[in-house]
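Enquirer: 3D, please:
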Amino acid sequence: MSDALENPDVRHSYRDEMVEDLRQSGLLKVGRLTLLMPRSFGFCWGVDRALAMVESARHQYPGRRMWLLSSLIHNPRVNEDMRKMGIGFLKGPNAVEGAYEQLTEDDVVIIPAFSAEVEDMELLKQCGVAIVDTTCPWVIKPHKRTLRYLKEGFTTVIHGTVGHDETRATCSLVNHEGGRFLVVHDIDEAAALADYLLGKIDGPELQKVLHPMAIPEDFDCQRDLRKIGIINQTTMLASESRAIGDLLKAALMERDGEDGIAESFRDFDTICRATQDNQDAANTVVKEHPDLFIVVGGYDSSNTRNLARVGDYYDVPSFHIEGPDCIAASLSYRERPSGEILQAENWLPSEGPVRVAFTAGASTPDTILGQVINRLVAYSGENWA
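Expert: Reported below is the predicted structural model:
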């Protein structure tokens, strides 16, 4: 697979020369625009690896039907490219109706970089299909930690998004192994959990704060929250994950004392290194207070959503957009935290110098980012000459 990772056909197809220049320089001036770019953004190693494994599978299994269990990565352009290659989808919004039930030993199924639920893996093995598992090694890391928690009798507290592919896979693993889990999405939900641990609210009050699917039906707060171990969905905001760990540790320190906490609390940072690098790099650029911060990536991409939050810490207008078509007189963007797609008016000053910082999620091709930058330059009335 190392040869595939260096396959220029795989990597070059999503590269953009202008974006490469920005990556190296960090700054370009186009008329009144100053374009700022962090040193780390866009495709991570795990995404490159997944794409390379798909390309290798196409050569290894010529003529055989190929399927993705669900989206390879959370980017609509990449998923459309998969369809153009003739790769179908078994689950999700792009699913081919009835395909799952018609799998045979001649089919090839690709497991996304986010991993898969245990039930899906068992069914695929029963069907006898050839499985190409592109699960990112950074996603396997929290799975291994979760199994350790289970052996030690700890309930796994996941800082993640209910319904996200990676978190679903982790929850499935816990259920399959007979363990317990609870999902907190943000610091507010973690604060409610801390209040429960300190006896300030009861179980039903805690469940009202959390997502309906954050706790299994047979979860018993009094029984299952005596010992907790924390992991993170690998694409969450790293600073918030650290704050959640500190908050819950403090609550258990107060509840159990310094001697008791050794038996009731575990914490382990499972944030992906590329996610951390992209967040740190974006933070470096945004703290210079540009006029705008534009984050490019799929609206269902967790790491992209969290990159968009970086601007909040510096009171910089931040917009999470999916691609170049979002840029017009009314800027189309995903609002956080509602998730609604809204329109921003007068988002770009019509006169005077403007400093615009960009970044892109780990599943965003450089080609898409390049199209966004070119569209912005054209919309501003400037040109590259």
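Enquirer: ok, residue 243 - contacts?
Expert: For residue 243, the contact set (C-beta atoms under 8 Å, 6 or more residues apart in numbering) comprises 187, 190. Any C-beta I mention is one placed from the backbone N, CA and C, and that applies to glycine too.
Enquirer: distance check, it against residue 252.
Expert: Going from residue 243 to residue 252 by C-beta to C-beta, to the nearest Å gives 15 Å.
Enquirer: residue 166 now?
Expert: In terms of C-beta to C-beta, residue 166 sits 26 Å off from residue 252.
Enquirer: who has more neighbours out of the two?
Expert: residue 166 (27 against 22; other C-beta atoms under 10 Å).
Enquirer: where's that one, which helix or strand?
Expert: Applying DSSP states H and E as the criterion places residue 166 in helix 165-176.
Enquirer: for that helix, packing partners?
Expert: Judged by 3 or more C-beta pairs under 8 Å, 6 or more residues apart in numbering; DSSP states H and E, helix 165-176 is in contact with helix 118-127, helix 137-151, strand 155-159, strand 181-184.
Enquirer: closest one to residue 75 among these?
Expert: helix 137-151 (16.7 Å; C-beta to C-beta).
Enquirer: read off the pLDDT value for the nearest residue to residue 22 once chain neighbours are set aside.
Expert: Excluding its sequence neighbours, the residue lying closest to residue 22 (C-beta to C-beta, 6 or more residues apart in numbering) is residue 37, at 4.1 Å. Listed pLDDT for residue 37 reads 94.
Enquirer: burial measure for residue 37, as a count.
Expert: So residue 37, with other C-beta under 10 Å, has 26 neighbours.
Enquirer: I figured it hits residue 20, correct?
Expert: No - contact criterion C-beta atoms under 8 Å: residue 37 and residue 20 do not qualify, at 10.3 Å.
Enquirer: so how far is residue 289 from residue 315?
Expert: Look at residue 315 and residue 289: by C-beta to C-beta, they are 8 Å apart.
Enquirer: higher neighbour count, those two?
Expert: Ranked by neighbour count (other C-beta under 10 Å), residue 315 and residue 289 place residue 289 first, with 13 against 9.
Enquirer: would you agree that one falls within a strand?
Expert: No - Residue 289 is assigned coil when assessed by DSSP: H, G, I helix; E, B strand; the rest coil, not a strand.
Enquirer: against residue 36, how distant is it?
Expert: Using C-beta to C-beta, residue 289 is found at 11 Å from residue 36.
Enquirer: ditto for residue 275
Expert: Residue 275 is 20 Å from residue 36, by C-beta to C-beta.
Enquirer: so who does residue 276 touch?
Expert: Counting by C-beta under 8 Å, 6+ apart, residue 276 makes contact with residue 238.
Enquirer: got the phi and psi for it?
Expert: Dihedral angles phi and psi of residue 276 (degrees, to the nearest 10) take the values phi -60, psi -40.
Enquirer: could you do residue 342 as well?
Expert: Dihedral angles (degrees, to the nearest 10) for residue 342: phi -120, psi 170.
Enquirer: can you get me a residue count around residue 308?
Expert: Neighbours of residue 308 (other C-beta under 10 Å): 25.
Enquirer: which SSE is it in?
Expert: Assessed by DSSP H and E, residue 308 sits inside helix 302-308.
Enquirer: next SSE after that helix?
Expert: Counting by DSSP H and E, the element after helix 302-308 in chain order, helix or strand, is strand 318-321.
Enquirer: outside of that next one, which residues touch it?
Expert: By C-beta under 8 Å, 6+ apart, strand 318-321 touches 286, 292-297, 299, 304-305, 307-312, 327, 331-334, 336, 344, 347, 372.
Enquirer: can I get the buried part of these as one ChimeraX selection?
Expert: Entered in ChimeraX, the line below selects the buried ones among the contacts of strand 318-321, by 16 or more other C-beta atoms under 10 Å:
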select :286,292,293,294,295,296,297,304,305,307,308,309,310,311,327,331,332,333,334,336,344,347,372
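Enquirer: how about the helices in the stretch 151-300 of the chain?
Expert: Along the stretch 151-300 of the chain, counting by DSSP state H, counting those that start in this stretch, helices occupy 165-176, 187-197, 203-209, 221-224, 238-264, 273-286.
Enquirer: enumerate the positions of the third one that are buried.
Expert: For helix 203-209, the buried set under the neighbour-count rule, 16+ other C-beta under 10 Å, comprises 206-207, 209.
Enquirer: got it, and the first one?
Expert: For helix 165-176, burial by neighbour count (16+ other C-beta under 10 Å) applies to 165-174.
Enquirer: and these, which two are furthest apart?
Expert: It's 165 and 174 that sit farthest apart of the buried residues of helix 165-176, by C-beta to C-beta, at 15.5 Å.
Enquirer: specify the local secondary structure of residue 98.
Expert: coil.
Enquirer: read off the pLDDT value for it.
Expert: Looking at residue 98, its pLDDT is 92.
Enquirer: check contacts around residue 270.
Expert: 138, 141-142, 145, 231-232, 234.
Enquirer: would a markdown table of these with distance to residue 184 and neighbour count be doable?
Expert: Converted to a markdown table, these look like this (distance: C-beta to C-beta, whole Å; neighbours: other C-beta atoms under 10 Å):
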| residue | distance to residue 184 | neighbour count |
| --- | --- | --- |
| 138 | 20 | 20 |
| 141 | 19 | 19 |
| 142 | 14 | 28 |
| 145 | 16 | 21 |
| 231 | 11 | 28 |
| 232 | 10 | 28 |
| 234 | 16 | 28 |
